[in-house]
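Q: Any chance you can model this:
(chains A and B)
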2 protein chains.
Amino acid sequence: MEIIAVAREMQRRSDLKRMKGKRIAFVPTMGYLHEGHLNLMREGRSISDDLVVSIFVNPTQFGPNEDLAKYPRDFERDRRLCESVGVDVIFTPSPEEMYPLLFQTYVSVEGVTKNLCGLSRPGHFRGVATVCAKLFNIVKPHAAVFGKKDFQQFVTIRRMAEDLNLDVEIVGMTTTREPDGLAMSSRNTYLKTEERKSALSLYRSLLLAQDLYDKGERRAAVIIDRVAAFIESHPATAIDYVKICDAAAMEDIEFIDGDGVIALAVKVGATRLIDNHVFGETLPAYGS
Amino acid sequence: MEIIAVAREMQRRSDLKRMKGKRIAFVPTMGYLHEGHLNLMREGRSISDDLVVSIFVNPTQFGPNEDLAKYPRDFERDRRLCESVGVDVIFTPSPEEMYPLLFQTYVSVEGVTKNLCGLSRPGHFRGVATVCAKLFNIVKPHAAVFGKKDFQQFVTIRRMAEDLNLDVEIVGMTTTREPDGLAMSSRNTYLKTEERKSALSLYRSLLLAQDLYDKGERRAAVIIDRVAAFIESHPATAIDYVKICDAAAMEDIEFIDGDGVIALAVKVGATRLIDNHVFGETLPAYGS
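A: Residues are numbered from 1 along each chain as shown, chains lettered A, B, ... in the order given. Take a look at the predicted model:
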């Protein structure tokens, strides 16, 4: 397994692979890898000859009062995990390599980033789109694999790739969950014991929403109220948003017809967690 | 010579060329080609195995009151001119191919686009950067050749390529001029006979500026005043801006030390013309 920190070096390696007709898959991450990341890598491995993973805690997608400085990092552990699933290259640049002094160019995806986390985290998706555009230009992959836990991010990157003719297939993967259903996230490590119990209310509220849907409920407001009340009945929870949106445009909908997604952002203690569910898709009953 | 209108088709062709180790040069244009464009193509021809020219009048770089609808077009003439300098492919997409209904992603270069035409034409450089990012992703060139008549555009694209790791060498070429010194531009075709005479004041004012510089003048305000007075002494001229900037940051400077550029935008009759000169560089005495 190679470890590369310099963008030019990564580009030259990818040029050579492409000239040999190799298919490159790419999994961008901020490190502190968990089973969810490893599932993205396994998918990438299965659809490519060459698997590149980036580990870069991207400063431009964090707000001024967010957790950039304390975001968990453990490169040695990440390296071993990448090796265990057959990664060919870890691309791990410094912030200065990605954002030199004169850096001043940003990619903005307008419509799909307005709602949800775009409201709560101004500038977040501009940072995400910009770093992904850069990483795609550095790694030059044929396919890039993203987790759908960050559903709006997945929609944003897919939109950007199409709009900017990026010639990368954007693959979205089902959320990987803990045995009790909690969506895997590097931020779960922040949760104290009691908070970890309350955090499960996110997943369980999605089961509740799907159950209401299965019983014929299509009014977004009714489902949202029930979900919000359920989450708020758990200690140390504070809802940022509970919304039901069109799964392509990410705009609020009043009634669910076609592809509707319920998306949640909830602070549990000091930790902000997100989760989502597309109505009608499978949502396994974990830990029951 | 091939003519391609579909982005996917262009990408597949470029992939094949790259796999064979061919070096691709690219000249993006809005058509209505003149000798300036042809010089860019000759340069592209000399540094590549494969020369792609795009002809696309890009709507996103025109303001609502600008000349998009009447911008001159003559594809048959352009085709012959491209063939005459050995172009391999003309990429000529429709507006719908470049900007489908759901299009919503833009590339913004911040610092270097604030001044000059960025002040006069809000959104112009966002449109330029976005279409160039798209065209680079479609054509996948090793090098792209731009004219320095649009100096701020050249600086903007060079900045974008570096910031987004576009892996394209941005080549800037000296402005091609008419025998009397007027910078070549597709918009020169708008000029009536008397306006054509006044238009020459732009080039001549640059000679004046260089002459003042040669005599030791370094105060920007003094040079700007002399240049503006000279242009205004010609009929049918209205100055949009006369500025002296740092040639890398495009910020106004008070004194010329290091790389200074004088940049002009002048309306002659109804036609807006631009020109510029980097102090100390050669400015041939045309038509004298």
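Q: burial count for the residue in the stretch 1-150 of chain A positioned nearest to chain B?
A: For the stretch 1-150 of chain A and chain B, the shortest gap (Cβ to the nearest Cβ) falls at A:T105, measuring 3.5 Å. Every residue, glycine included, has its C-beta placed from N, CA and C. Residues contacting A:T105 under the criterion other Cβ atoms under 10 Å in any protein chain shown number 25.
Q: List the contacts of the residue lying closest to it once chain neighbours are set aside.
A: Among residues not flanking A:T105 along the chain, B:D163 sits closest, at 3.5 Å (Cβ to Cβ, 6 or more residues apart in numbering or on different chains). By Cβ atoms under 8 Å, 6 or more residues apart in numbering or on different chains, the contact list for B:D163 reads A:103-105, A:134, B:109.
Q: ok, back up a step: need the contact list for the residue of the stretch 1-150 of chain A closest to chain B.
A: A:T105 touches A:130, B:107-110, B:129, B:159-160, B:163-164, counting by Cβ under 8 Å, 6+ apart.
Q: rerun at 7 Å
A: Shown in contact with A:T105 (Cβ atoms under 7 Å, 6 or more residues apart in numbering or on different chains): B:107-109, B:159-160, B:163-164.
Q: thinking again about what came up before, closest one of the contacts of B:D163 to A:K22?
A: A:K134 (21.8 Å; Cβ to Cβ).
Q: Look up the closest residue to the closest one, ignoring the ones flanking it.
A: B:N165 (5.0 Å).
Q: thought that neighbour was touching A:N137?
A: Yes. Using Cβ atoms under 7 Å, B:N165 makes contact with A:N137 at a distance of 4.3 Å.
Q: Can I get the contacts of B:D163 in TSV including pLDDT?
A: Below are the contacts of B:D163 laid out as TSV (pLDDT from 0 to 100):
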residue	pLDDT
A:F103	98
A:Q104	98
A:T105	98
A:K134	98
B:V109	98
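Q: Which phi and psi values does the closest residue to chain B within the stretch 151-288 of chain A adopt?
A: Taking Cβ to the nearest Cβ, chain B has its nearest neighbour within the stretch 151-288 of chain A at A:D163, 3.5 Å off. When read as degrees, to the nearest 10, the backbone of A:D163 gives phi -70, psi -40.
Q: so which helix or strand takes in A:R158?
A: helix A:151-163 (DSSP states H and E).
Q: Give me the distance between that helix and the centre of its chain.
A: From the chain centre to the centre of helix A:151-163 is a distance of 11 Å (Cα atoms, centre = their mean, to the nearest Å).
Q: cool, and stretch A:204-217?
A: That offset, for stretch A:204-217, works out to 24 Å (Cα atoms, centre = their mean).
Q: got the buried residues for it?
A: Residues A:204-210, A:212-213 are the ones in stretch A:204-217 that count as buried (16 or more other Cβ atoms under 10 Å in any protein chain shown).
Q: avg pLDDT for it?
A: Averaging pLDDT along stretch A:204-217 gives 97.
Q: Can you show me the CA trace of that stretch as CSV?
A: Taking only C-alpha atoms (Å, rounded to 0.1, in the frame of the first residue of the first chain), the coordinates of stretch A:204-217 have been written out as CSV:
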residue,chain,number,x,y,z
ARG,A,204,-35.8,4.3,16.1
SER,A,205,-37.6,7.5,14.9
LEU,A,206,-36.9,6.5,11.3
LEU,A,207,-38.5,3.1,12.0
LEU,A,208,-41.5,4.9,13.4
ALA,A,209,-41.7,7.1,10.3
GLN,A,210,-41.5,4.1,8.0
ASP,A,211,-44.2,2.4,10.1
LEU,A,212,-46.5,5.4,9.8
TYR,A,213,-45.8,5.4,6.0
ASP,A,214,-46.6,1.7,5.8
LYS,A,215,-49.9,2.3,7.5
GLY,A,216,-50.7,4.8,4.7
GLU,A,217,-49.7,8.2,6.2
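Q: Contacts for it next, please.
A: By Cβ under 7 Å, 6+ apart, the residues outside stretch A:204-217 that reach it are A:181, A:223, A:226-227, A:230-231, A:256, A:262, A:264, A:275, A:277, A:279, A:283, A:285.
Q: And the helices in the stretch 1-150 of chain A?
A: Listed in chain order, the helices of the stretch 1-150 of chain A (DSSP state H, counting those that start in this stretch) span A:7-19, A:35-46, A:75-84, A:95-98, A:117-120, A:124-139.
Q: So which of those is the most surrounded?
A: Comparing the helices of the stretch 1-150 of chain A by mean neighbour count (mean count of other Cβ atoms under 10 Å in any protein chain shown), helix A:124-139 ranks first with a mean of 24.
Q: quick one: what helix or strand has the nearest residue to A:K148 once chain neighbours are set aside in it?
A: Sequence neighbours aside, A:G172 is the residue nearest to A:K148 in space, at 4.9 Å (criterion: Cβ to Cβ, 6+ apart). Using DSSP H and E, A:G172 sits in strand A:169-173.
Q: Give the pairing partners of that strand; include direction for each.
A: Paired strands of strand A:169-173, with direction, are strand A:143-147 (parallel) (DSSP bridges).
Q: got the CA coordinates for the partner strand in CSV?
A: C-alpha atoms of strand A:143-147 as CSV (Å, rounded to 0.1, in the frame of the first residue of the first chain):
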residue,chain,number,x,y,z
ALA,A,143,-15.9,6.0,-9.7
ALA,A,144,-16.2,7.6,-6.3
VAL,A,145,-18.1,5.9,-3.4
PHE,A,146,-20.0,7.9,-0.8
GLY,A,147,-22.2,6.9,2.1
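Q: What residues of that strand count as buried?
A: A:143-147.
Q: any idea of the angle it forms with helix A:35-46?
A: On the basis of axes from the mean of the first three to the mean of the last three Cα atoms, to 10 degrees, strand A:143-147 is oriented at 160 degrees to helix A:35-46.
Q: what inclination does strand A:143-147 have with respect to helix A:124-139?
A: Using the same axes, to 10 degrees, the direction of strand A:143-147 lies 150 degrees away from that of helix A:124-139.
Q: pLDDT of strand A:143-147, averaged?
A: Per-residue pLDDT over strand A:143-147 has a mean of 98.
Q: next one: stretch A:41-60
A: Per-residue scores along stretch A:41-60 average to 98.
Q: next one: that stretch to chain centre, how far?
A: The answer for stretch A:41-60 is 13 Å, by Cα atoms, centre = their mean.
Q: do the same with stretch A:128-136
A: Distance, centroid of stretch A:128-136 to centroid of chain: 13 Å (Cα atoms, centre = their mean).
Q: For it, list the C-alpha coordinates in CSV.
A: The C-alpha coordinates for stretch A:128-136 follow below in CSV (Å, rounded to 0.1, in the frame of the first residue of the first chain):
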residue,chain,number,x,y,z
VAL,A,128,-17.5,19.8,0.7
ALA,A,129,-18.1,20.5,-3.1
THR,A,130,-14.7,22.4,-3.3
VAL,A,131,-12.7,19.7,-1.6
CYS,A,132,-14.4,16.9,-3.6
ALA,A,133,-13.7,18.8,-6.9
LYS,A,134,-10.1,19.1,-5.9
LEU,A,135,-9.8,15.5,-4.8
PHE,A,136,-11.4,14.2,-8.0
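Q: circling back to that earlier point, worst average pLDDT in the helices of the stretch 1-150 of chain A?
A: helix A:117-120 - the lowest mean pLDDT of these, at a mean of 93.
Q: Need the contact partners of that one.
A: A:124-125, A:152, A:240-241, A:265.
Q: And the average pLDDT for the strand holding A:G172 is what?
A: 98.
Q: ok, back up a step: would you mind saying which of the helices of the stretch 1-150 of chain A lies nearest B:L116?
A: Nearest of the helices of the stretch 1-150 of chain A to B:L116, taken as Cβ to Cβ: helix A:124-139 at 24.5 Å.
Q: okay, the angle between the closest one and helix B:151-163?
A: Using the same axes, to 10 degrees: helix A:124-139 against helix B:151-163 is 80 degrees.
Q: What is helix A:124-139 packed up against?
A: Packing contacts for helix A:124-139, counted by 3 or more Cβ pairs under 7 Å, 6 or more residues apart in numbering or on different chains; DSSP states H and E, involve helix A:7-19, strand A:24-29, strand A:50-55, strand A:105-109, helix A:117-120, helix A:151-163.
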